[in-house]
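In: Need coordinates for the below:
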Amino acid sequence: MKKFIFLIPVIFLILATTLTKNATKQLDKKIFETKENIRVLENRLELVLLDYNFLTSPKKLMEYQTKFFENNLIQLNISNIKNLEDLKKITKNE
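Out: Alright, predicted model coming up:
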């Protein structure tokens, strides 16, 4: 009878430990996957920001204008641009 009394808590503790260990493993796996996804997205963000900052700097824009468009670009006041159709009309007229 004494063995039975000691056996039940031991079995219960073994089962509880197993369940806790499995739950912890699953949580660790999810944490690792989330960290990997965040790292990939951070790398992508850095590259996109680098491209954006490099390509949209005023110096670069002026270089692109002279290199690709020469005198085809005109300067417009932003407040005069209503929508894309208006922009098309303005460029056709000039």
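In: Every contact and neighbour count from this point should use C-alpha atoms.
Out: Fine.
In: got a list of contacts for whichever strand or helix holds residue 64?
Out: If you go by DSSP states H and E, residue 64 is part of helix 58-64. By C-alpha atoms under 8 Å, 6 or more residues apart in numbering, the residues outside helix 58-64 that reach it are 54, 55.
In: okay, it in CSV with CA atoms only?
Out: Extracted as CSV, the C-alpha positions of helix 58-64 are listed here (Å, rounded to 0.1, in the frame of the first residue of the first chain):
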residue,chain,number,x,y,z
PRO,A,58,18.1,65.5,-54.5
LYS,A,59,21.6,65.0,-55.9
LYS,A,60,20.6,61.7,-57.4
LEU,A,61,17.4,63.0,-58.8
MET,A,62,19.2,65.8,-60.6
GLU,A,63,21.6,63.2,-62.0
TYR,A,64,18.8,61.1,-63.2
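In: how far does it sit from the chain's center?
Out: Taking C-alpha atoms, centre = their mean, to the nearest Å, one finds helix 58-64 lying 27 Å from the centre of the chain it belongs to.
In: In it, which of the residues would be classed as buried?
Out: For helix 58-64, the neighbour count (16 or more other C-alpha atoms under 10 Å) marks no residue as buried.
In: Spatially central, which residue of the protein would that be?
Out: By C-alpha atoms, centre = their mean, the chain has its centre lying nearest to residue 41, at 4.1 Å.
In: what helix or strand does it sit in?
Out: Per DSSP H and E: helix 2-55 holds residue 41.
In: who does that helix touch, helix- and strand-wise?
Out: Helices and strands touching helix 2-55, as assessed by 3 or more C-alpha pairs under 8 Å, 6 or more residues apart in numbering; DSSP states H and E, are absent.
In: What's the mean pLDDT across it?
Out: Helix 2-55 carries an average pLDDT of 91.
In: Now do it: distance to the chain's middle.
Out: 21 Å.
In: Kindly report the same for stretch 46-58.
Out: That offset, for stretch 46-58, works out to 16 Å (C-alpha atoms, centre = their mean).
In: Likewise for stretch 52-67?
Out: 25 Å.
In: Make 408 the starting number, not 1.
Out: Will do, 408 is the new start, and the previous item becomes stretch 459-474.
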